[in-house]
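**Q** Here is a sequence with its predicted model. Questions after.
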Amino acid sequence: MRTKLVAGNWKMHGSLATNAGLLQAVRDGTTGKAEVAVCVPYPYLAQARAVLEGSAVAWGAQDVSEHAQGAFTGEVSGAMLVDFGCRFVLVGHSERRSFYGDTDALVAAKFAAAQTAGLIPVLCVGESLAEREAGVTGEVVTRQIDAVLANSGAGAFARAVVAYEPVWAIGTGRTASPQQAQEVHALIRARFARDSADVATGLRVLYGGSVKAGNAAELFGQPDIDGGLIGGASLVAADFLAICAAA
Ligand code: 13P
């Protein structure tokens, strides 16, 4: 039985002042049935640790360098994230892929660097609207996963999470239907099963893209949906906690 995981992705939102109440409310409202995490902007990792340490809520970052250390101005290493108590890190979020040039190969390198540092990478995959309409969703998602499998192997996914985030559903209010999401989640699990039945069975595949309190329960009720990666709704404590409760 896979424990559900609900992870908030704050993206580039927040301030010391607004985070304080949000983090405390998430801490106070988390029951511990599903696993809960928040991925905050780098400067707020210390604040997240100060509020969440010793609670049922884990924290993490939204990206990581593929390098361990060195002359890479502006980058943040996995070891630095571990220094701040991070458990999770997102890799390959569609906003990184589309706005910052994170290629499949770079994402694979970041995934490996995260694991080497002791973090649990959350590998984000998903197709654009044009790709869905062209009927190549399965190919796109498989290509994104295969790049990481080629670099790290299936065994690495015993210590990783996958998030399916259709780009057309992110921040648009247009959620994939539970059936649409389940279909891709099953395809993702089947891809892993080709390499390792055990890894496929244990792997948590989260859904992300306009998850709200009102649609979370039905999405999370699908057999291959093991929780959610939550953007906008993770910025409002009551909404995020309602989604966690649905898990
Ligand atoms: P929204 O929940 O705002 O659609 O964002 C999803 C997302 O990108 C989470 O990583």
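**A** All right, it came through fine. Everything numeric in this text was worked out from a predicted model, so none of it was measured.
**Q** switch to C-alpha atoms for all contacts and neighbour counts from now on
**A** Fine.
**Q** Need the three-state assignment for the residue of the chain most remote from its centre.
**A** Of all residues in the chain, the one whose C-alpha sits farthest from the chain's mean C-alpha position, using CA atoms, centre = their mean, is A71 at 27.8 Å. Per DSSP: H, G, I helix; E, B strand; the rest coil, the local secondary structure of A71 is coil.
**Q** for the one 3 residues further on, same thing?
**A** Put simply, G74 is coil when judged by three-state DSSP.
**Q** one step back: how far away is the residue farthest from the centre of the chain from S77?
**A** Counting by CA to CA, to the nearest Å, the gap from A71 to S77 is 11 Å.
**Q** just E165 next, same as before
**A** As for E165, its distance to S77 is 25 Å (criterion: CA to CA).
**Q** ok, the two, which is more surrounded?
**A** Of the pair E165 and S77, E165 is the one with more neighbours under other CA atoms under 10 Å, namely 27 against 21.
**Q** Please look at that one and G209 and confirm they touch.
**A** Yes: taking CA atoms under 8 Å as the contact criterion, E165 and G209 are neighbours in contact, 5.6 Å apart.
**Q** Close to the ligand: what parts of the protein are there?
**A** Taking CA under 6 Å from any ligand atom as the criterion, the neighbours of the ligand within the chain are 9, 169-171, 208-211, 229-233.
**Q** go again using 8 Å as the cut-off
**A** Taking CA under 8 Å from any ligand atom, the part of the chain that reaches the ligand is made up of 8-11, 93-95, 124, 165, 167, 169-173, 175, 208-212, 229-234.
**Q** residue boundaries of the strands in this structure?
**A** Shown for the chain, the strands assigned by DSSP state E span residues 5-9, 35-39, 57-61, 88-91, 120-125, 161-164, 204-208, 227-230.
**Q** Is it possible to get the ones you listed out as JSON lines so that each row also shows mean pLDDT?
**A** Formatted as JSON lines, the strands of the chain follow (pLDDT from 0 to 100):
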{"stretch": "strand 5-9", "mean pLDDT": "98"}
{"stretch": "strand 35-39", "mean pLDDT": "98"}
{"stretch": "strand 57-61", "mean pLDDT": "99"}
{"stretch": "strand 88-91", "mean pLDDT": "99"}
{"stretch": "strand 120-125", "mean pLDDT": "99"}
{"stretch": "strand 161-164", "mean pLDDT": "98"}
{"stretch": "strand 204-208", "mean pLDDT": "98"}
{"stretch": "strand 227-230", "mean pLDDT": "98"}
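**Q** Could you dump those strands into JSON lines and include mean neighbour count?
**A** Putting these into JSON lines (neighbours: other CA atoms under 10 Å) gives the following:
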{"stretch": "strand 5-9", "mean neighbour count": "25"}
{"stretch": "strand 35-39", "mean neighbour count": "25"}
{"stretch": "strand 57-61", "mean neighbour count": "25"}
{"stretch": "strand 88-91", "mean neighbour count": "28"}
{"stretch": "strand 120-125", "mean neighbour count": "26"}
{"stretch": "strand 161-164", "mean neighbour count": "24"}
{"stretch": "strand 204-208", "mean neighbour count": "29"}
{"stretch": "strand 227-230", "mean neighbour count": "29"}
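**Q** Drop anything exposed from the residues of the chain next to the ligand.
**A** Neighbour counting with 16 or more other CA atoms under 10 Å marks 8-11, 93-94, 124, 165, 167, 169-171, 175, 208-212, 229-234 as buried within the residues of the chain next to the ligand.
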